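Enquirer: Would you be able to build a 3D model of this:
(chains A and B)
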2 protein chains.
Amino acid sequence: MKFDKDTRILIVGLGLLGGSYARALTKKGFTVKAVTRSQSSIDYAIGEGMIAGGTTEPDPDVIGWADLIVFALYPHVFVEWIEEYGKHIKPGAVITDVTGVKQCIVYKIQDMLPDDVEFIAAHPMAGREVYGVQNSDDSIFREANYIVTPTDKNTPDAIRMCKDLGHTLGFAHVAELSPEAHDDMIAYLSQLTHCIAVSLMTCSDVPKLKEYTGDSFRDLTRIARINEDMWSELFLLNKKSLISMIDEFSGELYRMRTYIADENVEKLKEMMRMSTERRAAFDKTNMQEN
Amino acid sequence: MKFDKDTRILIVGLGLLGGSYARALTKKGFTVKAVTRSQSSIDYAIGEGMIAGGTTEPDPDVIGWADLIVFALYPHVFVEWIEEYGKHIKPGAVITDVTGVKQCIVYKIQDMLPDDVEFIAAHPMAGREVYGVQNSDDSIFREANYIVTPTDKNTPDAIRMCKDLGHTLGFAHVAELSPEAHDDMIAYLSQLTHCIAVSLMTCSDVPKLKEYTGDSFRDLTRIARINEDMWSELFLLNKKSLISMIDEFSGELYRMRTYIADENVEKLKEMMRMSTERRAAFDKTNMQEN
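Expert: Model (predicted):
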């Protein structure tokens, strides 16, 4: 199917991410509607001109209207929704999502859908430490990555459409990974970092913290303000990869601790040189992109 | 002794921090000179109008000229310098430093100095991931903390002078801690965070990293570009506190790992709520200050 301004888009779940999708797509000239739980979110989005309309109930007419549906829901809510309302999706429609874990969700949803509805999964790697449609902001996509995670069941057409969506939303980079590779990657680059930030914040209680901190502690704990419902769900859904990454990291930190305890300056410097080199290369490629 | 525009200031070690001190103090109308190893640093600083003059050799006349000397050297170089040239410091002069560890240096230097020269130690918690006087920039002090670490040997006058220096440099907050409390604090808020960043960067090698990262990984590894000579020295000089903090943090991360492995959602959320609360309080006090 084509992806152009005639593609009718429905966002299910109008929170920070769903709202940011709506803003970006409406700006680009698409007709966007929304289904979300709270009437105040619908009212806000209509008032802001972010959507053409919306309902708090999954109205079969609205669901059947859409050519492309974006699910911005908690993983378990997404599955329940498809179970209950999937039958209203129009034959030939494509659905996608924003879920932060893939293996546990992609195959399940694909199996639940009728043959004439295709689910092509994606993970927009953007967010903020605040929530709700009122904080939605499509500029969060500007320097961010968007990862499409197709399976054998996906068609080249749907994969292309999903990538087009990523570009249309304004992501800096659109990549493709298998659900399995995605989950390992995300365990390292996102879930582990959140575990570290939380543990760093809770492992010691310093009164008047602010008077003694430098930038490093501020940087490392920014994401310690965390939505506990969402992240605990995501962690458990990617339990195996995440635990294995925590163990990799803990082993590496222990290696560093050993070098410090043994005053093994040469090994300590070797680790630092490697981290400097890798991070410098990373900065360089970042700069090339920007 | 008084601290005003007639106070003649000598910076020993004109790198990023020493250079930033020179810039800030010259702007405020002080007469600043420098002693540093490389002639090109002196030339640069004179060319930029950052200093009134400088030498590459520790000239007794220049040393004896100063009312206040700021040492911006590696810890072991600082000790060697005092050993060799401390005798040229003018009676009644005050000296201070920028060293990132305190117990191992403060008592030693105080013991080495003649009775009529007072060393009041300080730690300006500001820096950048680049080095050298060419990158010096006094705006790095603007949102940063400055910690004075007096001992029983220090006079109220010198403590006040050192705090005045922190305010004059433009630090957002000037605090006071014992050398012992400082080192514990720094093990947690600065050294541990650097160990984490390095280990996070070296524990896994992901090709095309940039295509898959979100802000969290970028934030947590910014300080993984690290000066290995300086930081390995600082780590070993604060070995006991640092190892104890690494162990605290590792234990906390392991607790989180256990909750994930056991699918103990309630305990997992409890940790996240605590981290969110602490970080939110920290953000709030930050905002009040700014």
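
Enquirer: Okay, strands next: where are they in the stretch 51-200 of chain A?
Expert: Counting by DSSP state E, counting those that start in this stretch, residue ranges of the strands within the stretch 51-200 of chain A are A:53-55, A:68-71, A:94-97, A:118-119, A:122-125, A:145-148, A:173-176.

Enquirer: Would you convert those strands into CSV that also reports mean neighbour count and mean pLDDT?
Expert: C-beta coordinates here come from the backbone N, C-alpha and C atoms, glycine included. Putting the strands of the stretch 51-200 of chain A into CSV (neighbours: other C-beta atoms under 10 Å in any protein chain shown; pLDDT from 0 to 100) gives the following:
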stretch, mean neighbour count, mean pLDDT
strand A:53-55, 17, 97
strand A:68-71, 24, 98
strand A:94-97, 24, 98
strand A:118-119, 24, 98
strand A:122-125, 26, 96
strand A:145-148, 23, 96
strand A:173-176, 18, 96
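
Enquirer: all helices for chain A, in order.
Expert: Assigned by DSSP state H, chain A shows helices spanning A:16-27, A:39-47, A:60-65, A:75-85, A:103-112, A:156-169, A:179-186, A:192-202, A:215-221, A:228-237, A:239-261, A:265-289.

Enquirer: which stretch in the ones you listed has the least confidence?
Expert: The stretch with the lowest average pLDDT out of the helices of chain A is helix A:265-289, scoring a mean of 83.

Enquirer: Counting by contacts, list what it packs against.
Expert: helix A:239-261, helix B:192-202, helix B:215-221, helix B:228-237 (3 or more C-beta pairs under 8 Å, 6 or more residues apart in numbering or on different chains; DSSP states H and E).

Enquirer: if we can go back for a sec, how about a markdown table for the strands of the stretch 51-200 of chain A, with distance to B:Ser178 added?
Expert: Supplementary listing: the strands of the stretch 51-200 of chain A in a markdown table, determined by distance: least, C-beta to C-beta, whole Å:
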| stretch | distance to B:Ser178 |
| --- | --- |
| strand A:53-55 | 60 |
| strand A:68-71 | 56 |
| strand A:94-97 | 54 |
| strand A:118-119 | 61 |
| strand A:122-125 | 44 |
| strand A:145-148 | 46 |
| strand A:173-176 | 49 |
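
Enquirer: Tabulate the helices of chain A (a markdown table), appending mean neighbour count.
Expert: Output for these, formatted as a markdown table (neighbours: other C-beta atoms under 10 Å in any protein chain shown):
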| stretch | mean neighbour count |
| --- | --- |
| helix A:16-27 | 24 |
| helix A:39-47 | 17 |
| helix A:60-65 | 16 |
| helix A:75-85 | 16 |
| helix A:103-112 | 18 |
| helix A:156-169 | 18 |
| helix A:179-186 | 21 |
| helix A:192-202 | 25 |
| helix A:215-221 | 22 |
| helix A:228-237 | 19 |
| helix A:239-261 | 18 |
| helix A:265-289 | 16 |
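
Enquirer: Dump the ones you listed into TSV; add distance to B:Arg23 as well.
Expert: What follows is these, written out as TSV (distance: least, C-beta to C-beta, whole Å):
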stretch	distance to B:Arg23
helix A:16-27	41
helix A:39-47	48
helix A:60-65	62
helix A:75-85	52
helix A:103-112	54
helix A:156-169	43
helix A:179-186	43
helix A:192-202	33
helix A:215-221	19
helix A:228-237	43
helix A:239-261	34
helix A:265-289	25
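
Enquirer: among the ones you listed, which is nearest A:Ser136?
Expert: In this view, the helices of chain A are compared for proximity to A:Ser136 by C-beta to C-beta, and helix A:16-27 is the closest at 2.9 Å.

Enquirer: How far away from the center of its chain is that closest one?
Expert: Its chain's C-alpha centre lies 14 Å from the corresponding centre of helix A:16-27 when counted by C-alpha atoms, centre = their mean, to the nearest Å.

Enquirer: Run the contact check for that helix versus chain B.
Expert: No: Helix A:16-27 lies out of reach of chain B by C-beta under 8 Å from any C-beta of the partner chain, never closer than 12.6 Å.

Enquirer: Just the angle for that helix relative to helix A:39-47, thanks.
Expert: Helix A:16-27 and helix A:39-47 meet at an angle of 20 degrees, taking axes from the mean of the first three to the mean of the last three C-alpha atoms, to 10 degrees as the criterion.

Enquirer: rewinding a little: tell me which of the helices and strands packed on helix A:265-289 lies nearest to B:Ile246.
Expert: Checking the helices and strands packed on helix A:265-289 against B:Ile246 by C-beta to C-beta gives helix A:239-261 as the closest, at 4.8 Å.

Enquirer: Does chain B have contacts with that closest one?
Expert: Yes: for helix A:239-261, a contact with chain B is found by C-beta under 8 Å from any C-beta, at A:239, A:242-243, A:245-257, A:260-261.

Enquirer: pLDDT score assigned to the residue lying closest to A:Phe282 once chain neighbours are set aside?
Expert: Excluding the flanking residues, the one nearest A:Phe282 by C-beta to C-beta, 6 or more residues apart in numbering or on different chains is B:Leu209, at 5.7 Å. For B:Leu209, the model assigns a pLDDT of 84.

Enquirer: Also A:Glu143?
Expert: A:Glu143 is assigned a predicted lDDT (pLDDT) of 88.

Enquirer: Quick check: it vs chain B, distance?
Expert: Distance, A:Glu143 to chain B, using C-beta to the nearest C-beta, to the nearest Å: 8 Å.

Enquirer: okay, now the residue nearest to that residue when sequence neighbours are not counted: neighbour count?
Expert: Closest residue to A:Glu143 apart from its sequence neighbours, by C-beta to C-beta, 6+ apart: A:Ala172 at 5.2 Å. Burial measure for A:Ala172: 18 neighbouring residues, criterion other C-beta atoms under 10 Å in any protein chain shown.

Enquirer: got the domain boundaries for chain A?
Expert: Here the domain assignment for chain A is A:9-177, A:182-289, based on automatic domain parsing.

Enquirer: In CSV: those domains, plus distance to B:Met271.
Expert: Rendered in CSV, the data for the domains of chain A read as follows (distance: least, C-beta to C-beta, whole Å):
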stretch, distance to B:Met271
domain A:9-177, 17
domain A:182-289, 6
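
Enquirer: And the residue nearest to A:Leu192 when sequence neighbours are not counted, how far from A:Ala126?
Expert: Counting by C-beta to C-beta, 6+ apart, the nearest residue to A:Leu192 once its immediate chain neighbours are dropped is A:Met245, at 4.6 Å. For A:Met245, the distance to A:Ala126 equals 21 Å [C-beta to C-beta, to the nearest Å].
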